[in-house]
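Enquirer: Sequence first, predicted coordinates after that:
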Amino acid sequence: METSTPAAAGAASASSTTMVGSDDITRLQDLSGDQWRSGLAAWLGWLFDGLDMHLYTLVAAPFVAQLLAVDIKDKSVGTYSSVIQAAFLVGWALGGGFFGRIGDRMGRSRALMLTILTYAAFTGLSFFAETWWHLLIFRFMAALGIGGEWAVGAALLSETWPRSWRPWLAAVLQTAVNVGILVASLATYLMAGLPYRCVFLVGILPALVTLWIRKAVPETEQWHAAKLEHAHHEPSVWELFRGDVRRTTIFTILVCSLALTAHWAFNFWSLQHLRNLPDVRGWTNSQRNEFVSQAMGLLMISSIIGNFLAAALARWLGYRRSIALLCIIYFVSMTVTYGTERDHGQMWYFLPFMGASSGLFALFTMYMPPLFPTLLRTTGAGFCYNIGRVAAAFGTVFFWFFSTVGDYRLGLLYAGYLFIPAAAAALFLAEPPDERSIVAPVE
């Protein structure tokens, strides 16, 4: 994809300046100290992303019921818990745009540190929520940091590690999110006997890593080169909608909006559905918490496997075809799982297929940032990905209307259909301009 904007020219020159030596590297032991530290910082940022992101989803229904002083089966619990999740996703979107712009203006390392501090502080403050709207505000503010970390961490790795490694880097980086969710599940499991609010205190831990990032992680050479070249004319956000970049922006927004809406409907409502399966309703709260934590653990293990399967697909088929194929697999998995009523024993056999399908989102990590010019990289990737999160916020509430009290199966079934147009939109995208000779080319 060639582009006519001034920023694109800067991207090309910066890329040629910084990637020549990096692309000669074929072994891990040949990586520099700066590359290792940048990779570790991005991986840890994503791990804590996953941790703070899912602490709420694991205790949403019982904690919101407690804040409302009603029974967990009361319909208002589904209403308010979905509104809180929608606010989180909107905050995630706004944070992606806000911190994405900071990442392009101030640098990747500084922006990464700010995002982690933001989500750690406000996740911890969720412990002090006394009403549902307190929790909504804290989750919204935490989401600003979580949303920003995605684009900043992805850009940091794409600019410092070899281009030919990107599919595998995407898998490793997405695995960090899965590990973070596993840690959240473990924390919830170990704290099953404590008040639900206590799990949010675990979310403070990420703040400690920012002390190390501040000292150890340098800004990327590619960002410095682009800043020097465009010191008097930095591209504005509007350049995302000019020239050839516009087409990339539009189709990236479509893919993200459709796929993320379906994925987050699954992420949120599948856990509430598990809590309310007919053969689970008679269990104690502690037993249900343990079951949901174990189910989340299974999903994350299968997701980790899916990340590397997605990377292998990208090396074989290219990014866009792999994304389209995984969207179709995700659709089929959700249709088979929720097309009929199932008990909790059966769900153990179906959850891994949806977990593996989510490897789709690992590819977004390394695929999207290089589609945009250097000084629009975190802005472009963050903007497009986070418009998708806004759509997912509305989708989380929308698909709840297809559910009866405690039964979210139909909402989940219908949400899966969004993966079909997402797959179609993905086929209109291109491979990254600096990588077409490395992965399968696009015609």
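Expert: Arrived safely, thanks for sending. Computed from a predicted model, the values in this text were never measured in an experiment.
Enquirer: Show me where the stretch 301-443 of the chain has its helices.
Expert: Taking DSSP state H, counting those that start in this stretch as the criterion, the stretch 301-443 of the chain carries its helices at 319-338, 344-357, 360-367, 377-398, 409-415, 419-426.
Enquirer: what helices or strands is the first one leaning on?
Expert: Which is helix 319-338. Contacts defined by 3 or more C-beta pairs under 8 Å, 6 or more residues apart in numbering; DSSP states H and E place helix 319-338 against helix 245-275, helix 285-317, helix 344-357, helix 360-367, helix 409-415, helix 419-426. The C-beta positions use only the backbone N, C-alpha and C, and glycine is treated the same way.
Enquirer: Single out the most deeply packed of these.
Expert: Mean neighbour counts were compared across those using mean count of other C-beta atoms under 10 Å; the top stretch is helix 360-367, at a mean of 27.
Enquirer: Show me what it is packed against.
Expert: Secondary structure elements in contact with helix 360-367, counted by 3+ C-beta pairs under 8 Å, 6+ apart, are helix 132-158, helix 166-190, helix 245-275, helix 285-317, helix 319-338.
Enquirer: before we move on, the earlier item: let's have the helices and strands packed on helix 319-338 in TSV, adding mean pLDDT and distance to residue 397.
Expert: Formatted as TSV, the helices and strands packed on helix 319-338 follow (pLDDT from 0 to 100; distance: least, C-beta to C-beta, whole Å):
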stretch	mean pLDDT	distance to residue 397
helix 245-275	87	10
helix 285-317	87	21
helix 344-357	91	21
helix 360-367	83	21
helix 409-415	86	10
helix 419-426	95	19
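Enquirer: wait, which of these is closest to residue 27?
Expert: Residue 27 lies closest, by C-beta to C-beta, to one member of the helices and strands packed on helix 319-338: helix 285-317, at 17.9 Å.
Enquirer: Columns distance to residue 127 on top of the helices and strands packed on helix 319-338, output as CSV?
Expert: Listed next are these as CSV, based on distance: least, C-beta to C-beta, whole Å:
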stretch, distance to residue 127
helix 245-275, 21
helix 285-317, 17
helix 344-357, 29
helix 360-367, 29
helix 409-415, 30
helix 419-426, 36
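Enquirer: closest one to residue 150 among these?
Expert: Set against residue 150 and scored by C-beta to C-beta, these come closest in helix 360-367, at 7.8 Å.
Enquirer: Tell me how far that closest one lies from the chain's centre.
Expert: In terms of C-alpha atoms, centre = their mean, to the nearest Å, the gap separating the centre of helix 360-367 from the centre of its chain is 9 Å.
Enquirer: now the helices and strands packed on helix 360-367 as CSV including distance to residue 420?
Expert: Conversion of these to CSV gives the following (distance: least, C-beta to C-beta, whole Å):
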stretch, distance to residue 420
helix 132-158, 25
helix 166-190, 23
helix 245-275, 9
helix 285-317, 18
helix 319-338, 6
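Enquirer: packing partners for the helix or strand encompassing residue 62?
Expert: For residue 62, the enclosing helix or strand under DSSP states H and E is helix 33-68. Using 3+ C-beta pairs under 8 Å, 6+ apart as the contact definition, the elements that helix 33-68 packs against are helix 75-106, helix 108-125, helix 132-158, helix 166-190, helix 209-216, helix 245-275, helix 285-317.
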